[in-house]
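**Student:** Generate coordinates for the sequence data below:
(2 chains)
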Amino acid sequence: MASLPKRIIKETERLISDPVPGITAEPHDDNLRYFNVTVEGPTQSPYENGIFKLELYLPDDYPMEAPKVRFLTKIYHPNIDRLGRICLDVLKTNWSPALQIRTVLLSIQALLASPNPNDPLANDVAEDWIKNEEAAKAKAREWTQLYAKKVDDN
Amino acid sequence: MKIEVQNIYPLVAWSWDMPKNLDDPDSDEPDNANDSYGIRRRAPNKNAVDDVCGICRASYNGTCPNCKFPGTDCPLVLGRCNHNFHFHCIYQWLKTLTSKGLCPMCRQKFRLKPNATVNTDHLGAFKELAITTRARLISEGLFDEDEEGDDDSEYAYDNEEVQRDNRDYEHIWNNPSTEYEELTVGDMFNTRRYIDDEEEEDDEGY
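**Tutor:** Okay, the predicted model is just below:
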């Protein structure tokens, strides 16, 4: 494997020494481009009190190419499909090499706080969201309880 | 008292020649206050010393991740938007189609800052990049994408403008020596003309 670019080393160090509140990101021991991520559900959102696991991978072309991020924890959200894929502009067309792991994860946390059913990835969820927002939010809360419960067993 | 000099160790420091007042390119005037030895002294440029390339996050005076030796081997370019990068970093970014020709920091079209000495060696490279990017966009059928929805109407174009622009490119192609004050890969994503009529003077100012 080619040596790890300095920028990635710096970013990793800073993620550990100066972590973003509510977000953790730790690289795998055997692949320093692969991160285990957790994001706390934002307060006042249906995801409050949930801890969501994600995986983040820095492709070879990073930072010219966006990191690949995916939810591992099941989540009921109009912009996240059942495979955990995320519809977020900065991960695709609006990526910029001035962004970094921490800003991307902050954007994802912000996406939890403000779902956008008008640009859906999970069409069924988005439909529910538009038809009956309260019910959809209740379901999102339910899923958070079911799948993203805070547990300290790992 | 008598002093005998036994050894002299000269020490030399350098930093990129960046405009001091980033908001005003005209203030790029070097302070030619030579000291009594005739050595031109310039206060170390804070930006050149402290700041890092927004892409690789290494110091401007250091190198991009792929280079070993700082300096002319890994040059710096100054953007008109006052965002500066290692040449290799910004070039690699603008080469991607996702860049849309935009500055990574402010998402304005990336243009070289006019009249900046450090930029002069790179006008040609950016010009060529602009041409090849346009060709790629056309071949991938992406050229028609309305990239400028939120921009001013100057970017709107019709067929006539496209043709006129193509003539511009031919002109560039056939006259490689043509002087361009600024070039932008951003222009590839629309048909804005290359040459702003302002500032056509040469770079020999200093």
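**Student:** If we go by neighbour counts, what in stretch B:120-136 is buried?
**Tutor:** Across stretch B:120-136, burial judged by 16 or more other C-beta atoms under 10 Å in any protein chain shown covers B:122-123, B:126-127, B:129-131, B:133-134. C-betas here are computed from N, CA, C, even on glycine.
**Student:** close enough to count as contact, residue A:95 and residue A:69?
**Tutor:** No: Residue A:95 lies out of contact with residue A:69 (C-beta atoms under 8 Å); the separation is 11.5 Å.
**Student:** Close to chain A: what parts of chain B are there?
**Tutor:** Within reach of chain A by C-beta under 8 Å from any C-beta of the partner chain, chain B has these residues: B:54-58, B:65, B:89, B:92-93, B:96, B:98, B:102, B:104-105, B:107.
**Student:** for the residues you listed, which one is nearest residue A:32?
**Tutor:** Nearest to residue A:32 among the residues of chain B next to chain A is residue B:65, at 14.9 Å by C-beta to C-beta.
**Student:** ok, for that closest one, nearest residue in space, not its chain neighbours?
**Tutor:** Closest residue to residue B:65 apart from its sequence neighbours, by C-beta to C-beta, 6 or more residues apart in numbering or on different chains: residue A:5 at 4.7 Å.
**Student:** same deal with residue A:57?
**Tutor:** Of all residues not flanking residue A:57 in the chain, residue A:68 sits nearest, at 4.5 Å (C-beta to C-beta, 6+ apart).
**Student:** returning to what we had before: looking at the buried residues of stretch B:120-136, which are in helices?
**Tutor:** Under the assignment DSSP state H, the buried residues of stretch B:120-136 contribute B:123, B:126-127, B:129-131, B:133-134 to helices.
**Student:** I'd like to know how many residues surround residue B:113.
**Tutor:** Here the count is done by other C-beta atoms under 10 Å in any protein chain shown, and residue B:113 has 22 residues near it.
**Student:** Same check on residue A:9?
**Tutor:** 13.
**Student:** what sits against it?
**Tutor:** By C-beta atoms under 8 Å, 6 or more residues apart in numbering or on different chains, the contact set of residue A:9 is empty.
**Student:** Please apply the same query to the one 5 residues further on.
**Tutor:** With contacts defined as C-beta under 8 Å, 6+ apart, residue A:14 is in contact with residue A:102.
**Student:** how about the CA coordinates for the longest helix along chain A, as PDB?
**Tutor:** Counting residues, the longest helix in chain A under DSSP H turns out to be helix A:133-147. What follows is helix A:133-147, C-alpha atoms only, in PDB (Å, rounded to 0.1, in the frame of the first residue of the first chain):
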ATOM      1  CA  GLU A 133     -44.600  14.300   9.000                       C
ATOM      2  CA  GLU A 134     -45.500  13.600  12.600                       C
ATOM      3  CA  ALA A 135     -46.100   9.900  12.000                       C
ATOM      4  CA  ALA A 136     -42.900   9.700  10.000                       C
ATOM      5  CA  LYS A 137     -41.000  11.300  12.900                       C
ATOM      6  CA  ALA A 138     -42.600   9.000  15.300                       C
ATOM      7  CA  LYS A 139     -41.400   6.100  13.300                       C
ATOM      8  CA  ALA A 140     -37.900   7.600  13.100                       C
ATOM      9  CA  ARG A 141     -37.900   7.900  16.900                       C
ATOM     10  CA  GLU A 142     -39.100   4.300  17.200                       C
ATOM     11  CA  TRP A 143     -36.300   3.100  14.900                       C
ATOM     12  CA  THR A 144     -33.800   5.100  16.900                       C
ATOM     13  CA  GLN A 145     -35.000   3.400  20.000                       C
ATOM     14  CA  LEU A 146     -34.800   0.000  18.300                       C
ATOM     15  CA  TYR A 147     -31.500   0.200  16.400                       C
END
